[in-house]
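Peer 1: the sequence and its predicted three-dimensional model are supplied below.
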Amino acid sequence: MLIWRRLSTERVLTSSAPPMHAQAVWQRAFQLAVSFEQDDVFAVVFDVLRTARHESATLRDALLLGRRRVADHPVDLVARRACAFLERTIAFIGGDGSTGAPSRPEHRMAKPA
């Protein structure tokens, strides 16, 4: 019988292998949450957006990493703040920050008449 272990977020983020892009975005959001000042929310959103290279899929993946961290450590306020930054960034680019999904369907080309 195989017993599956879920890797903790800390182990994934501190491994010696180079991080995947979503992990790097999560790490950056976490670093910004540690040193957050109330008056620069937009600067944080833009920094996270630049780190993600404006890719919404990467932002959603980073948000999933953050939510796993919050689920594993529910009292970690810094992780909650980092998730909130990711949600705001997703909402800023037109997605639904609460679910991480796009808020509107992708634009499709109209069929020629």
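Peer 2: Thanks, I have it. Numbers count the residues shown, from 1 in each chain.

Peer 1: check which residues of stretch 30-40 are buried.
Peer 2: Buried residues in stretch 30-40, counting neighbours by 16 or more other CB atoms under 10 Å, are found at 30, 32-33, 36. C-beta coordinates here come from the backbone N, C-alpha and C atoms, glycine included.

Peer 1: among those residues, which ones are in helices?
Peer 2: 30, 32-33 (DSSP state H).

Peer 1: tell me which helix or strand of the chain sits lowest on mean pLDDT?
Peer 2: In the chain, no helix or strand scores lower on mean pLDDT, DSSP states H and E than helix 9-13, which sits at a mean of 47.

Peer 1: may I see the buried residues of stretch 65-75?
Peer 2: Neighbour counts over stretch 65-75 (16+ other CB under 10 Å) mark 65-70 as buried.

Peer 1: of all those residues, which comes closest to Phe42?
Peer 2: Checking these against Phe42 with CB to CB, the nearest one is Gly66 at 19.6 Å.
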